[in-house]
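> From the sequence below, what's the structure:
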Amino acid sequence: MRMKTEREISENECVIFGGFVKSTRLKQNIIAREAALNAGMLPSNFSKIEHGVLPPPRDAAKQKRLAAAIGVQPGTATADQFFDLAGKATGSVPVDLADIISEDEARPLLLRTIENKRLTEADIKRLIEIVRGIRREG
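Predicted structure coming up:
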């Protein structure tokens, strides 16, 4: 059985991302041309993204503009999925996570600590539940 090349994997991720963009846009009843123009893209390039022919833009501002153009609200599960799929399709860290990580010095330290301790997936899930349970006063 033949292993898929890195390019084939990336192309598949672009198709998945493009399908997500299209289905999200359609749920919001947004016309493709309108979404393209609101995203600052040529309609032909927007169509290529929806069909998985072109990858999502790598630039954070362009990705955020594309998300807004298809009706994705910041801070929602749909936004998380949009940026996660875009990250997979571009082979990079999702741009929203890059923003979060760079907010202060403690966040990269937390990620490095998790990596250095070699936490299992179950350990990380428990840590997430602990963090979710923290109530901030103020």
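> mind checking the SS state of Pro108?
helix (DSSP: H, G, I helix; E, B strand; the rest coil).
> Against Pro94, how distant is Ile100?
Distance, Ile100 to Pro94, using C-beta to C-beta, to the nearest Å: 9 Å. Every C-beta, even on glycine, is put in place using the N, C-alpha and C of the backbone.
> between these two, who's got more neighbours?
Set Ile100 next to Pro94 and count neighbours by other C-beta atoms under 10 Å: Pro94 wins out with 21 against 11.
> who does the longest helix belonging to the chain touch, helix- and strand-wise?
Taking DSSP state H as the criterion, the chain has its longest helix at helix 6-27. If contacts are counted by 3 or more C-beta pairs under 8 Å, 6 or more residues apart in numbering; DSSP states H and E, helix 6-27 sits against helix 43-50, helix 77-90.
> so can I have TSV of those helices showing distance to Glu115, mean pLDDT and mean neighbour count?
Listed next are those as TSV, based on distance: least, C-beta to C-beta, whole Å; pLDDT from 0 to 100; neighbours: other C-beta atoms under 10 Å:
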stretch	distance to Glu115	mean pLDDT	mean neighbour count
helix 43-50	32	98	18
helix 77-90	18	96	19
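> which residue is nearest the middle of the chain?
Centroid-nearest residue in the chain: Phe83, 1.1 Å away (criterion: C-alpha atoms, centre = their mean).
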